[in-house]
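Trainee: Structural data only, the sequence is not supplied:
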């Protein structure tokens, strides 16, 4: 039995979970998420819990068991509490701001970079060098954070770029002076 898949998922108060065919819809006062699950997994909702069962002990069913349970748990956690990723801008003159429905980044290019904020995601800029990305879907929050970070990923020589909060960048030594056999005379 899967250690994760066999655990029932408790449904907190204020959250409703409905099943239609192989689609799970999770609603709360804040958000609503829906996802189509693999039709081979049996998902049941009873007594304030969601239980996922697998039809056999095949390798495919064992792997889908834990995945399906985790996807349902992430949906319930997302609509009740939400998810958040924090980014930091490191570099001289690097700053971020919100302008309408876009995030504007000044990160060392000759022009400011505009990133349109997708539906279901909120982006806050409490300080010019900090960005908070919030939303109900764990996947969407992570994807938006990765896309913003990709605009100027951290580089290992000076450590400049857009980093996840608390991320440590392994620094490399730069070039050294003229030494050795290949040096100019």
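Mentor: The structure has been received and is ready for your questions. All values reported here derive from a predicted model rather than from experimental measurement.
Trainee: how near is the residue nearest the centre of the chain to residue 67?
Mentor: Centroid-nearest residue in the chain: residue 142, 1.6 Å away (criterion: CA atoms, centre = their mean). Applying CB to CB, to the nearest Å, the value for residue 142 to residue 67 is 16 Å. C-betas here are computed from N, CA, C, even on glycine.
Trainee: same thing with residue 26?
Mentor: In terms of CB to CB, residue 26 sits 16 Å off from residue 67.
Trainee: More neighbours: which of the two?
Mentor: residue 26 (24 against 17; other CB atoms under 10 Å).
Trainee: these two touch, right, that one and residue 19?
Mentor: No: counting by CB atoms under 8 Å, residue 19 is not a contact partner of residue 26; they are 10.4 Å apart.
Trainee: remind me which residues of this structure are low pLDDT?
Mentor: 1-2, 179-185 (pLDDT under 70).
Trainee: Which residue ranges make up each domain of it?
Mentor: For the chain, the structural domains run 9-80, 83-164, going by automatic domain parsing.
Trainee: show me the contacts for residue 21.
Mentor: Counting by CB atoms under 8 Å, 6 or more residues apart in numbering, residue 21 touches residue 39.
Trainee: mind listing the helices for the protein?
Mentor: 59-80, 138-151 (DSSP state H).
Trainee: Reformat the ones you listed as CSV; add distance to residue 115.
Mentor: Converted to CSV, the helices of the chain look like this (distance: least, CB to CB, whole Å):
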stretch, distance to residue 115
helix 59-80, 22
helix 138-151, 6
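Trainee: Tell me which of these sits most buried.
Mentor: helix 59-80 (a mean of 19; mean count of other CB atoms under 10 Å).
Trainee: Just want the angle from that one to helix 138-151.
Mentor: 80 degrees (axes from the mean of the first three to the mean of the last three CA atoms, to 10 degrees).
Trainee: quick one: contacts of helix 59-80?
Mentor: With CB under 8 Å, 6+ apart, helix 59-80 has contacts from 2-7, 9, 11-12, 14-15, 17, 24, 26-28, 30-33, 35, 37-38, 40-41, 43, 50, 52-55, 83, 135-138.
Trainee: Generate a PyMOL selection restricted to the buried entries among those residues.
Mentor: Remark: buried members of these, expressed as a PyMOL selection using 16 or more other CB atoms under 10 Å:
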select buried, resi 2+5+9+11+15+17+24+26+28+31+33+35+37+41+43+50+52+54+83+135+136+137+138
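Trainee: Nearest to residue 111 among the helices of the chain would be which one?
Mentor: Within the helices of the chain, the stretch nearest residue 111 is helix 138-151; the backing value is 11.9 Å (CB to CB).
Trainee: residues making contact with the closest one?
Mentor: 74, 77-78, 83-85, 87, 103, 105, 107, 113, 115, 118, 120-121, 123, 131, 133-135, 161-164.
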